[in-house]
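Asker: 3D, please:
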Amino acid sequence: MVDFARASEIIASQCALVRVRRASRALTRLYDEALRPSGLQATQLTMLVAVATCGDGGVKLGALADGLVMDRTTLTRNLAPLERAGLLRVARAPDDARVRLIFLTRQGERAIEAAFPLWERTQKHVRERLGPSEADALREELGRVVALAARPEKAPASERPARPARPAKAPARERPAEPAKRKAKRRSPGAR
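Answerer: Numbers count the residues shown, from 1 in each chain. Sure, this is the predicted structure:
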């Protein structure tokens, strides 16, 4: 029998994931509060800046998702309010209608310009509180964590999560034969 209270205590005190999530929520709250006058949240500013760095040609949705380490569905849901606010424009690629391109609008540029001093002030505050060398070390370590998580196949075999075994395939069920009348009806040109 698992002692859930004890397991919870051990996970909370030793699990890197729990600590990273707590730190992420704390920093997000701090930056969101600082950015409130701009009308943007930290995650929104991050998306706008990521699109801005891709230039006037825009960025493919998939490439943006990969760069932000987000799945496409979540990214699409988070881009929608920015598009509605006129900060981004989403369009089909001219050479492939299946591909969506994301463009920063002039209004989006102005939003970044308004938010950046607020972000910069908060960044300076965090850096001063942690200390410059600790802040740099933390940034480097988190970069390594992101790289490891983005490419788990590069981790040593002993550190990779075990893949769950695939269930055995069930034998294919045979479909009952279709009545001849129905088959003939389908084939007749007038039935279409």
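
Asker: pick out the residue nearest the middle of the chain.
Answerer: Nearest to the mean C-alpha position of the chain, by CA atoms, centre = their mean, lies M70 at 1.4 Å.

Asker: quick one: residues contacting the nearest residue to it once chain neighbours are set aside.
Answerer: Leaving out its chain neighbours, the residue that sits closest to M70 by CB to CB, 6 or more residues apart in numbering is N78, at 7.6 Å. Every residue, glycine included, has its C-beta placed from N, CA and C. Applying CB atoms under 8 Å, 6 or more residues apart in numbering, one finds that N78 lies in contact with T43, Q44, M47, M70.

Asker: can you pull out the strands in this structure?
Answerer: 59-60, 88-93, 96-104 (DSSP state E).

Asker: what lines up beside the longest one in the sheet?
Answerer: Strand 96-104 has the following sheet partners, assigned by DSSP bridges: strand 59-60 (antiparallel), strand 88-93 (antiparallel).

Asker: give me the pLDDT for L87.
Answerer: With respect to pLDDT, L87 has a value of 98.

Asker: correct me, but it touches F103?
Answerer: No. L87 lies out of contact with F103 (CB atoms under 8 Å); the separation is 10.3 Å.

Asker: those two - which one has more neighbours?
Answerer: More crowded of L87 and F103, by other CB atoms under 10 Å: L87, with 24 against 18.

Asker: please report how far S24 lies from T73.
Answerer: Taking CB to CB, to the nearest Å as the measure, S24 falls 20 Å from T73.

Asker: any regions of the chain where pLDDT drops low?
Answerer: For the chain, the stretches with pLDDT under 70 are 12-14, 151-192.

Asker: could you redo the last one with a cut-off of 50?
Answerer: Scanning the chain for pLDDT under 50 picks out the ranges 155, 160, 162-164, 182-188, 191-192.

Asker: that older thread, list only buried entries from the contacts of N78.
Answerer: Among the contacts of N78, those classed as buried by 16 or more other CB atoms under 10 Å are Q44, M47, M70.

Asker: show me what contacts the second one?
Answerer: In this case it means M47. Applying CB under 8 Å, 6+ apart, the residues near M47 are L64, L68, L75, N78, L79, L82, L88.

Asker: for the first one, grab the count of nearby residues.
Answerer: Here the number of neighbours of L64 (other CB under 10 Å) works out to 21.

Asker: surely it touches V51?
Answerer: Yes. Taking CB under 8 Å as the definition, L64 is a contact partner of V51 at 6.8 Å.

Asker: what do these two both touch?
Answerer: I102.

Asker: just the CA atoms of stretch 89-108, as PDB, please.
Answerer: As requested, the backbone C-alpha atoms of stretch 89-108 are provided in PDB (Å, rounded to 0.1, in the frame of the first residue of the first chain):
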ATOM      1  CA  ARG A  89      -1.900  37.900 -38.700                       C
ATOM      2  CA  VAL A  90      -2.400  34.200 -39.700                       C
ATOM      3  CA  ALA A  91      -2.400  33.400 -43.400                       C
ATOM      4  CA  ARG A  92      -2.100  30.400 -45.700                       C
ATOM      5  CA  ALA A  93       1.300  29.900 -47.300                       C
ATOM      6  CA  PRO A  94       1.000  30.900 -51.000                       C
ATOM      7  CA  ASP A  95       2.800  27.700 -52.200                       C
ATOM      8  CA  ASP A  96       0.900  25.300 -49.900                       C
ATOM      9  CA  ALA A  97      -2.500  26.000 -48.500                       C
ATOM     10  CA  ARG A  98      -2.000  23.400 -45.800                       C
ATOM     11  CA  VAL A  99       0.700  25.500 -44.200                       C
ATOM     12  CA  ARG A 100      -0.200  28.400 -42.000                       C
ATOM     13  CA  LEU A 101       2.200  31.400 -41.600                       C
ATOM     14  CA  ILE A 102       2.200  33.800 -38.700                       C
ATOM     15  CA  PHE A 103       3.100  37.400 -39.200                       C
ATOM     16  CA  LEU A 104       3.600  40.300 -36.700                       C
ATOM     17  CA  THR A 105       1.500  43.300 -37.500                       C
ATOM     18  CA  ARG A 106       2.400  46.900 -36.900                       C
ATOM     19  CA  GLN A 107       0.100  46.900 -33.900                       C
ATOM     20  CA  GLY A 108       2.000  43.900 -32.600                       C
END
